[in-house]
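In: take this sequence and fold it.
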Amino acid sequence: MIETAPNPPNDWDLLQVASRDDCALSQLFERHRHFVYRLAWGLLQEDHAADDVVQDVFVKIRAGKLRAKPRAKFTTWLYQVAINTAREQSRKRRRFWGAAQAEDVLAETADGRTGPSELELRDDLRRSLAALPIRQREVVLLRFYEGFDTAETAEILGCRKGTVKAHLHRATLKLRETLKT
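Out: Residues are numbered from 1 along each chain as shown. Okay, here's the model as predicted:
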């Protein structure tokens, strides 16, 4: 007779008990920390800031401070939490560094080099993404890096599909302009 392993608990079930059960929190953390980190890093462009976002997200889950909507996909809900937490980090960083940093990043990107290598192109793209306004950066990351469609991106960001399309259009124009070689 073949024994089958019991089904692992789904993410919503784990979330319900994560504030009381370290094992449930640990399972959620292991399943989703890489996704939260990748999204946070894409938005903030800094390792330490992305680590802080991951920590903050799971501390909030542990504290039971987050409202969950089990009607949505768990990852959609978690991305909303991660984006909101990254926005908080971004506001803190802006207050600390000031708004001039974005112009500095754009100026660095458009320095007129010719014949860039693949590594230089990636670095230019990273700097160009960092210079985008936060909403445009969120849309680009969710659509192109995370592979969400327009409707899912709109749901995660809490806006309409048309708003996602407008942000994506503006971001694409800015990236094209900045990345011209």
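In: the domain parsing of the protein - what is it?
Out: Split into domains by automatic domain parsing, the chain comes to 9-97, 99-181.
In: any idea which residue sits dead centre in this protein?
Out: In the chain, the residue lying closest to the centroid (Cα atoms, centre = their mean) is residue 39, at 2.6 Å.
In: right, and that one touches residue 80 too?
Out: No. Assessed by Cβ atoms under 8 Å, residue 39 is found out of contact with residue 80, at 10.6 Å. Placement of C-beta: from N, CA and C, glycine included.
In: going on from the helix or strand encompassing residue 28, what's the next piece of helix or strand?
Out: Using DSSP states H and E, residue 28 falls within helix 22-44. Following helix 22-44 in sequence order, the next helix or strand is helix 47-63 (DSSP H and E).
In: what's the first helix or strand after the least confident helix or strand in the chain by mean pLDDT?
Out: None of the helices or strands of the chain scores lower by mean pLDDT, DSSP states H and E than helix 100-109, at a mean of 45. Downstream of helix 100-109, the first helix or strand assigned by DSSP H and E is helix 118-131.
In: what's the helix or strand that that following helix is followed by packed up against?
Out: Counting by DSSP H and E, the next helix or strand C-terminal to helix 118-131 is helix 134-140. Helix 134-140 sits against helix 22-44, helix 74-97, helix 118-131, helix 150-157, helix 161-179, with contacts defined as 3 or more Cβ pairs under 8 Å, 6 or more residues apart in numbering; DSSP states H and E.
In: deepest-packed of those helices, please.
Out: Comparing the helices and strands packed on helix 134-140 by mean neighbour count (mean count of other Cβ atoms under 10 Å), helix 150-157 ranks first with a mean of 20.
In: that helix - what's its average pLDDT?
Out: Per-residue pLDDT over helix 150-157 has a mean of 90.
In: need the CA coordinates for that helix. PDB is fine.
Out: Output in PDB follows, covering the C-alpha atoms of helix 150-157 (Å, rounded to 0.1, in the frame of the first residue of the first chain):
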ATOM      1  CA  THR A 150      -2.700  44.200 -16.700                       C
ATOM      2  CA  ALA A 151      -5.700  43.100 -14.700                       C
ATOM      3  CA  GLU A 152      -3.600  41.400 -12.000                       C
ATOM      4  CA  THR A 153      -1.200  44.400 -11.800                       C
ATOM      5  CA  ALA A 154      -4.200  46.700 -11.400                       C
ATOM      6  CA  GLU A 155      -5.600  44.500  -8.600                       C
ATOM      7  CA  ILE A 156      -2.200  44.500  -6.800                       C
ATOM      8  CA  LEU A 157      -1.800  48.200  -7.000                       C
END
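In: good, wrapping up.
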